[in-house]
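Asker: the following comprises the amino acid sequence and a computationally predicted model.
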Amino acid sequence: MTPEEIERYARHIVLREIGGPGQNKLLSAKLLCIGAGGLGSPALLYLAAAGVGQLGVVDDDKVSLSNLQRQILHETAAVGEAKTTSAKRALARVNPHVKVMAHDFRLTEANIDDVISGYDIVLDGTDNFATRYLVNAACVRAKTPLISAAMSQWEGQISVYDPANGGPCYQCVFPEAPAEGLAPNCAQAGVMGALAGVMGSMMAGEAIKLITGAGQILRGEILIYDSLYGETRKLKTRKNTQCAICGT
């Protein structure tokens, strides 16, 4: 590390669980974040600040005024601009040393394997089940850990899906998408803006632990945070041997 990097990342380096070796792992890491919205915004900002060497951002949407209540990566002047363009500019302001790859298109069965190849970890901050199942299946094929979070109204949840290392995949835990109307998105149900900051920051934290080997990650557990009452709880999850995606 250069003297400037040592100063920039000093608060990580003095952590015994990270130190110089852990920070060097962060500098060499390549992470893909799917969605530059409510969850992706804080996750990307903190990962850039942490010095992750390369960040990929997937989003085919444009910034709208209604995004700004929670999507802190974007500014008012960016309304109408591609979210990947806005994200790339914002992340460069935080840390110009981080390489940002913009993927401004929709993920499909035809392109997803190529997109995630070369990345060490995938963060899923999307808001629909079709994309979550698509991303999960690709991560299982690539044996890439998947950090997935979701939120609605006042409650969020997060887990690490890593069947290559003994944990369940996303589809083990959620075998089928809920019936129409049972899981409305943020536009339909609303969401408290700061909840996105909490859950997105948790995603970044899990990624940092995965890269550095610090602590215990949420593999085999779902953490649920109720911001209305300030409560958290954990649920144990397990691999389904009959899972259509990762089962034996």
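Answerer: Thanks, I have the structure now.

Asker: where's residue 12, which helix or strand?
Answerer: helix 10-13 (DSSP states H and E).

Asker: equivalent analysis for residue 187, please.
Answerer: Here residue 187 sits within helix 186-189, counting by DSSP H and E.

Asker: contacting residues around the next helix or strand after the helix holding residue 12?
Answerer: Past helix 10-13, further along toward the C-terminus, the next helix or strand under DSSP H and E is helix 19-28. For helix 19-28, the external contacting residues (CB atoms under 8 Å, 6 or more residues apart in numbering) are 1, 5, 9, 12-13, 15, 18, 50-53, 208, 211-214. Glycine gets a C-beta too; all of them are placed from N, C-alpha and C.

Asker: what is the helix holding residue 187 packed up against?
Answerer: strand 146-152 (3 or more CB pairs under 8 Å, 6 or more residues apart in numbering; DSSP states H and E).

Asker: ok, then the element right after the strand it packs on?
Answerer: Moving toward the C-terminus from strand 146-152, the next helix or strand (DSSP H and E) is strand 155-161.

Asker: so for stretch 92-103, first residue to last residue, what's the gap.
Answerer: One end of stretch 92-103 to the other measures 16 Å (CA to CA, to the nearest Å).

Asker: list the contacts of the helix or strand bottoming out on mean pLDDT in the chain.
Answerer: Ranked by mean pLDDT, DSSP states H and E, the weakest helix or strand in the chain is helix 186-189, scoring a mean of 78. Helix 186-189 has contacts (CB under 8 Å, 6+ apart) with 38, 66, 127, 151-153.

Asker: lowest-confidence entry in these?
Answerer: In terms of pLDDT, the lowest of those is residue 127, showing 87.

Asker: measure how buried that residue is and give me the count.
Answerer: By other CB atoms under 10 Å, the residues close to residue 127 number 18.

Asker: now it: how far from residue 243?
Answerer: Distance, residue 127 to residue 243, using CB to CB, to the nearest Å: 23 Å.

Asker: rewinding a little: do me a favour and average the pLDDT over the helix holding residue 12.
Answerer: Mean predicted confidence for helix 10-13 is 97.

Asker: buried sites along it?
Answerer: 12-13 (16 or more other CB atoms under 10 Å).

Asker: what does stretch 159-174 give?
Answerer: Judged by neighbour count (16+ other CB under 10 Å), stretch 159-174 contains these buried residues: 159-163, 167-174.

Asker: repeat that for stretch 17-32.
Answerer: 18, 22-27, 29-32.

Asker: and it, how far out from the chain's middle?
Answerer: Mean-position distance between stretch 17-32 and its chain equals 17 Å (CA atoms, centre = their mean, to the nearest Å).

Asker: quick one: name whatever helix or strand follows the least confident helix or strand of the chain.
Answerer: Going down the chain from helix 186-189, the next helix or strand is helix 193-212, by DSSP H and E.

Asker: now do that following helix: which elements does it pack against?
Answerer: Helices and strands touching helix 193-212, by 3+ CB pairs under 8 Å, 6+ apart, are helix 19-28, helix 40-50, strand 121-124, strand 146-152, strand 155-161, strand 221-226.

Asker: adding distance to residue 187, write the ones you listed out as JSON lines.
Answerer: Output for the helices and strands packed on helix 193-212, formatted as JSON lines (distance: least, CB to CB, whole Å):
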{"stretch": "helix 19-28", "distance to residue 187": "34"}
{"stretch": "helix 40-50", "distance to residue 187": "16"}
{"stretch": "strand 121-124", "distance to residue 187": "19"}
{"stretch": "strand 146-152", "distance to residue 187": "11"}
{"stretch": "strand 155-161", "distance to residue 187": "17"}
{"stretch": "strand 221-226", "distance to residue 187": "21"}
